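S.K.: here is my input; please provide its structure:
(one chain, ligands or ions: 1)
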Amino acid sequence: MRLRLLTLIAFSLFATMASAKEIWLSIGGTTASGTFRTDARIFNPSTTKDIQIQAWYLPVGNVDNSAVQPLAPITVLKRQQLVYNDVVTSLFHSSGLGAIRLTSDDDFVATQKIYAVTSGGTLGQFVAGVDATSAKAKGLMIQLQNNGGSGQTGTFRTNVGAANPNPTAATVTWRLYDKNNAQVGNDHVVVMPPFGVIAPGGLSGYADNVPSTADLSDSWLSYSSDKPIVAYGSVIDNGTTDPTYIPAAEDTGVPVSTPAGKVFVVTERGGPTSSPSSITISPQIVQGALKPGDTISFQVSALDSNHGLRVLDPDGITMIDLMLTPGAAAVTATFVANTEGTYSYYCTNTTCSSGHNSMKGTFVVGTATTPPPPRY
Ligand SMILES: [Cu+2]
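M.R.: Okay, here's the model as predicted:
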């Protein structure tokens with residue numbers, strides 16, 4: 001008898017948990033220029049009960065949205081569809097671009113339609129809400145086309161956007177491939193803060209150092225992340241402004257091993273052909289981004305000649321010491337930044353190029369100190 005009661009309790013707990021749901025409408029918008037709208041629908045499939053939905057509007061800009069508060073709970077009556085035309089205005093009384101996060105203890109369905117407001121009207125793109133459990137750590141978008149700008153009839157452009165459905169940061173490495181299936185430029189690494197949302201932006205922004213000659217008329221984009229994210233492409237007909245929504249598919253071929261900790265792409269270039277000579281770190285290490293004890297991975301490559309890379313901690317202790325060949329695959333070096341203060345990095349090959357002397361820099365872990373001088 002007691003066992004039966006426990007079984008019953010366990011079953012009803014499971015039933016409650018199993019129906020809890022979280023759906024992301026990956027991009028909603030009412031743009032300032034008034035040319036972009038999103039209509040949304042929310043449906044309650046239950047025949048027996050009304051349900052409550054929590055709704056958050058999370059602005060773009062790849063910022064930490066964990067402090068954003070939800071609206072007062074929305075009630076959806078049983079077997080009813082709620083209509084939110086221009087949802088950003090009608091439901092959230094807001095504007096601009098953002099992702100919409102919806103949660104409920106009960107099952108529900110949410111969808112969106114995104115369209116441009118043009119004199120002739122546009123078809124728009126229908127987007128099924130993305131269940132948070134189907135966000136992907138390894139994603140792939142094919143059938144991307146990018147060979148012209150707005151108004152150029154017969155050409156297309158592609159925008160790509162993403163949302164981080166996690167309450168913690170996600171580090172995402174993007175790789176873009178051209179018409180010949182060759183990687184374009186370098187890996188593009190982006191750290192997405194908790195609930196961060198990246199606005200749809202031009203395809204070539206998803207690689208670093210994209211050559212102007214890159215042929216993206218038929219291209220594809222792959223990513224790997226240390227946390228599942230929601231990502232999509234939107235291919236827009238430049239003649240009609242009609243968009244096609246391309247959700248990320250699972251990219252089972254991407255290596256599972258993602259570099260540990262906080263990941264940066266480091267690119268070394270000398271002179272005189274590539275100007276300015278520099279060591280660039282992407283994303284930029286802003287003060288406050290790193291704290292003592294962080295694991296830091298540098299994915300280092302040299303563009304135009306043999307460059308070295310050495311990283312010294314605030315006490316002058318060597319953290320990384322590499323020699324790089326131009327054109328070779330990026331080398332990943334990982335260290336733990338236990339010492340607080342200013343670190344310095346520099347090219348160790350003093351004869352690499354005419355621009356060698358500017359190939360150095362510093363970054364701060366915690367509070368700044370006087371950086372150690374380079375040792376060549
Ligand atoms: Cu150098």
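
S.K.: going forward, measure contacts and count neighbours with C-alpha atoms only.
M.R.: Noted.

S.K.: next, the spatially most central residue of the chain: phi, psi?
M.R.: For the chain, the residue sitting closest to the mean C-alpha position, by C-alpha atoms, centre = their mean, is residue 162 at 4.9 Å. With angles defined as degrees, to the nearest 10, residue 162 sits at phi -160, psi 160.

S.K.: out of everything not next to it in sequence, what's closest to it?
M.R.: Distance criterion C-alpha to C-alpha, 6 or more residues apart in numbering; nearest residue to residue 162, sequence neighbours excluded, is residue 231 at 4.2 Å.

S.K.: again, but for residue 116
M.R.: That would be residue 36: by C-alpha to C-alpha, 6+ apart, it lies 4.5 Å from residue 116.

S.K.: same question, residue 327
M.R.: residue 303 (6.3 Å).

S.K.: could you measure from the residue lying closest to residue 306 once chain neighbours are set aside over to residue 299?
M.R.: Spatial nearest neighbour of residue 306, chain neighbours left out: residue 325 (5.0 Å); criterion: C-alpha to C-alpha, 6+ apart. Taking C-alpha to C-alpha, to the nearest Å as the measure, residue 325 falls 14 Å from residue 299.

S.K.: out of these two, which sits in the more crowded spot?
M.R.: residue 299 (20 against 15; other C-alpha atoms under 10 Å).

S.K.: which of the helices or strands spans that one?
M.R.: strand 294-302 (DSSP states H and E).

S.K.: after that strand, next one along is what?
M.R.: Past strand 294-302, the next helix or strand by DSSP H and E is strand 307-312.

S.K.: partner strands of the next helix or strand after that following strand and their direction?
M.R.: Scanning forward in sequence from strand 307-312 by DSSP H and E, the next helix or strand is strand 318-324. Strand 318-324 pairs in its sheet with strand 307-312 (antiparallel), by DSSP bridges.

S.K.: can you confirm residue 88 is in a helix?
M.R.: Yes - under DSSP: H, G, I helix; E, B strand; the rest coil, residue 88 sits within a helix.

S.K.: how is the protein partitioned into domains?
M.R.: 20-132, 134-250, 262-365 (automatic domain parsing).

S.K.: quick one, which of those domains is nearest to residue 376?
M.R.: Among the domains of the chain, domain 262-365 comes nearest to residue 376, with 5.7 Å by C-alpha to C-alpha.

S.K.: how about that closest one, does it reach the ion?
M.R.: Yes - under the criterion of C-alpha under 5 Å from the ion, domain 262-365 makes contact with the ion via 307, 347, 349, 352, 356.

S.K.: between the two ends of that domain, how far is it?
M.R.: So domain 262-365: terminal residues 12 Å apart, C-alpha to C-alpha.

S.K.: smallest gap between the stretch 1-150 of the chain and the ion, at which residue?
M.R.: residue 62 (33.5 Å; C-alpha to the ion).

S.K.: that residue against residue 196, yeah?
M.R.: Yes - the pair residue 62 / residue 196 is scored as a contact, 4.6 Å apart, by C-alpha atoms under 8 Å.

S.K.: what's the per-residue pLDDT of the nearest residue to residue 348 once chain neighbours are set aside here?
M.R.: In this structure, residue 348 finds its nearest non-sequential neighbour in residue 308, 4.6 Å apart by C-alpha to C-alpha, 6+ apart. If you check residue 308, the pLDDT there is 93.

S.K.: do the same with the one 10 residues further on
M.R.: In this model, residue 318 is scored at 89, pLDDT.

S.K.: check which helices and strands the longest strand seen in the chain sits against.
M.R.: Ranked by number of residues, the top strand in the chain under DSSP state E is strand 219-237. On a contact count with 3 or more C-alpha pairs under 8 Å, 6 or more residues apart in numbering; DSSP states H and E, strand 219-237 meets strand 136-144, strand 156-163, strand 170-177, strand 243-247.

S.K.: need the contact list for the closest residue to the ion within the stretch 51-200 of the chain.
M.R.: Distances between the stretch 51-200 of the chain and the ion by C-alpha to the ion are smallest at residue 186, namely 19.6 Å. The contact partners of residue 186, by C-alpha atoms under 8 Å, 6 or more residues apart in numbering, come to 175, 207-210.

S.K.: how close does it get to residue 215?
M.R.: In terms of C-alpha to C-alpha, residue 186 sits 15 Å off from residue 215.

S.K.: show the end-to-end separation of stretch 325-344, please.
M.R.: First-to-last residue span, stretch 325-344, C-alpha to C-alpha: 22 Å.

S.K.: over that stretch, what's the mean pLDDT, rounded is fine.
M.R.: For stretch 325-344, the per-residue pLDDT averages 85.

S.K.: buried residues in it?
M.R.: For stretch 325-344, the neighbour count (16 or more other C-alpha atoms under 10 Å) marks 330, 332-335, 337, 339-344 as buried.

S.K.: no further questions, thank you.
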